[in-house]
Each structure stands twice: as structure tokens, then as C-alpha cells.
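>>> When you get a sec, could you give me coordinates for this:
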Amino acid sequence: MTTTPQSLLPVYDHRPGTGPTLVFLHYWGGSARTWDLVVDRLAGRDTLAADFRGWSRSKNLAGPYTLRQLADDTLAVVADAGVTDYVLIGHSMGGKVAQLIAATRPAGLRGIVLVGSAPAKPAAAVTPEYREGLSRAYDSAESVAGARDHVLTATELPERIKAQIATDSRACADAARTEWPLRGIAEDISGQARRISVPALVLAGENDQVEPADVLVGNLLPYLPGAGFAVLPETGHLIPLEAPAALADAITAFAPAA
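Predicted structure coming up:
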């Protein structure tokens, strides 16, 4: 696997293998390594995972940290890695970024997998009060632990993974940490999502409190005609960490190796 640091691009990990390349986009508070348990189950596949601008190894990159900037960064990373045939797999915030990318119909994009994705149309529960509270979820180690254990997950995770979540949630630029809850989560991109023309698969966690299955059915699927939909049993919102085997299987079925 090659880790590529760039002065102007987010840091990314590229593991050569059989295409199409699987390009992984992490959640708000995650990093490229959020996908490690999934990537490890995709032996022989070409994979690429980046730390979004403002997060983890890319935390020193200057803003803006908007969804559009993250989308542009992803396309730049794909080009820098020489990837020409790929599938986007976006989790939560990363799923909304994937929708924006797919809406531009870039050359080489074969499909999208949206994992516990933020919907194209914000849910009714995303009020100004909700967003203000969410913006403080990662303010301290204690608040991160509370969010991790009582909101983000529905299964017991190994201590190593719990520690990873705690570290990644705080490894960010201040402006990147607040951009999503205060602005990005409330952005209505339903118009853009309607322009997506590649095949799509939407995956929900059975016990996801952040993006429940009914929200994805009502606020995302209507803008993706023909998209596949499945609910992964028992898992909460952190599907890549809670149900990596089931997720890897779903990705493989949707985007088999060429």
C-alpha cells in the first residue's frame, strides 16, 4: 500500500489491486483508517481511502471545508492516483460528498455505495438547535465517548477500535469540526442528486440513530430512482467499524472485481 502525502491535496492510501478501484470517503469524525476493517476483507482489490481536508493527516490543510471542497478534493485525489475506473463508497458525511461528486457525472465513475449516508434532503430533525448541539459533540474526550457509546454505535466494539474513534474524532481543524454540523448537514442537495446517472446502492444500519433507515427511504431514495437498498442487521451508525464483513460483502456484490 502506498501512502501519498501532498502539500495541497489530502493524504491518501492507495492499495493496488484489481479494479474497479473502490474509493472510500469517511464520516464526520472519521479518517481513512475508518475503512481498514473493510479494506482488509477486500483482498486483491484496488482501494483508495483519503483523510478529508481538515481531518487526521490532512488536518493542517487550509479551508474551506465545505462539502463542495471535499468533493473537489476527492476528484483531485482520484486523478493524482491515476485512477480511471472507480466506485465511490461514502459513509455518513462522506455519502453526501459522494452524491455531489456523482451528480457531476465524472468520467470513470461506475457507481456509488452510500453507507448510513446523510440524505440528499435533510431530515426534519435537523433543526438549528440540533445542529448547534451536534457541533459540540467532539469538544472533549468525554463528549466524544458519550457520542460514540450512546449515539454512534449499537454494538460493543473492541477497545482498540473505541480508542481509534476517540482519537480520530478530535484530530481535526476547528473549522472542519464545525463546518458539517453547522452548515453541511443542513444543505439540501436533492437537486444535484437527481442528476446522478450511475447505479447506486444505499445501505442502512438496523439500529442507526443518526441516519435511520426510514430517513434514507424518505429523504434519499426518492432522488435515486432504481437504487438498491438494504438494511444491515444489528449495526448502528458506524457500519464500517461495527459490521465490516457484511459491508465488504455488499460492496463486492455491487462492484465485483473485473
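>>> can you pull out the strands in the stretch 151-258 of the chain?
200-205, 228-232 (DSSP state E, counting those that start in this stretch).
>>> average pLDDT across the first one?
Just to be clear, that refers to strand 200-205. Across strand 200-205, pLDDT averages out at 98.
>>> just to revisit the earlier point, out of the strands of the stretch 151-258 of the chain, which is the most enclosed?
Of all the strands of the stretch 151-258 of the chain, strand 200-205 has the most neighbours on average by mean count of other CB atoms under 10 Å, namely a mean of 25. For the C-beta atoms, the positions are set from N, CA and C on the backbone; glycine is no exception.
>>> Need the contact partners of it.
102, 111-117, 154, 211-213, 216, 220-221, 224, 226-232, 235-237, 239, 242-243, 247, 250, 254 (CB atoms under 8 Å, 6 or more residues apart in numbering).
>>> where does this protein have its least confident helix or strand?
When the helices and strands of the chain are scored by mean pLDDT, DSSP states H and E, strand 2-4 comes last with a mean of 62.
>>> What is the subsequent helix or strand relative to it?
strand 12-15 (DSSP states H and E).
>>> buried sites along the very next helix or strand once past that following strand?
Per DSSP H and E, the first helix or strand lying C-terminal to strand 12-15 is strand 18-25. Residues 19-25 are the ones in strand 18-25 that count as buried (16 or more other CB atoms under 10 Å).
>>> I would like a ChimeraX command selecting only the buried ones among the contacts of strand 200-205, please.
The buried subset of the contacts of strand 200-205, as determined by 16+ other CB under 10 Å, is captured in ChimeraX by this line:
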select :102,111,112,113,114,115,116,117,154,211,212,213,216,220,221,224,227,228,229,232,235,236,237,239,242,243,247,250,254
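>>> and which of the buried residues of strand 18-25 is nearest Ser190?
Leu25 (19.3 Å; CB to CB).
>>> so what's the closest one bridging to?
Gly90 (DSSP bridges).
>>> Quick check, pLDDT for it.
99.
>>> For it, give its distance to Pro225.
23 Å (CB to CB, to the nearest Å).
>>> Ok, Pro158 next?
40 Å.
>>> chain center to stretch 229-236, what's the gap?
Relative to its chain's centre, stretch 229-236 lies at 16 Å (CA atoms, centre = their mean, to the nearest Å).
>>> what do you get for stretch 228-237?
Taking CA atoms, centre = their mean, one finds the center of stretch 228-237 at 15 Å from the center of the full chain.
>>> what's the span of it, first residue to last?
Stretch 228-237 has an end-to-end distance of 19 Å (CA to CA, to the nearest Å).
>>> So what's the model's average confidence on that stretch?
98.
>>> One more: stretch 55-75?
97.
>>> Residues contacting it, please?
5, 8-11, 23, 25-26, 30-33, 50-54, 88, 93, 96-97, 100-101, 104, 106, 168, 171-173, 175-176, 179-180, 183-184, 187, 189.
>>> how about that stretch: buried residues?
55-59, 61, 65-67, 69-74.
>>> Next step: those residues restricted to helices.
If you go by DSSP state H, these have 67, 69-74 in helices.
>>> Let me have the strands of the stretch 151-258 of the chain in CSV, adding distance to Ser135 as columns.
CSV is the format used below for these (distance: least, CB to CB, whole Å):
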stretch, distance to Ser135
strand 200-205, 23
strand 228-232, 28
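>>> measure the nearest residue to Val97 once chain neighbours are set aside to Ala125 for me?
With sequence-adjacent residues excluded and distances taken as CB to CB, 6 or more residues apart in numbering, Val97 is closest to Leu70, at 4.8 Å. Relative to Ala125, Leu70 is positioned 23 Å away (CB to CB).
>>> Could you do Ala163 as well?
Between Ala163 and Ala125 the computed distance is 30 Å (CB to CB).
>>> who has more neighbours, the two?
Each of Ala163 and Ala125 has its neighbours counted (other CB atoms under 10 Å); Ala163 has more, 11 against 8.
>>> Next one: that one relative to Thr153, how far apart?
The gap separating Ala163 from Thr153 is 14 Å, by CB to CB.
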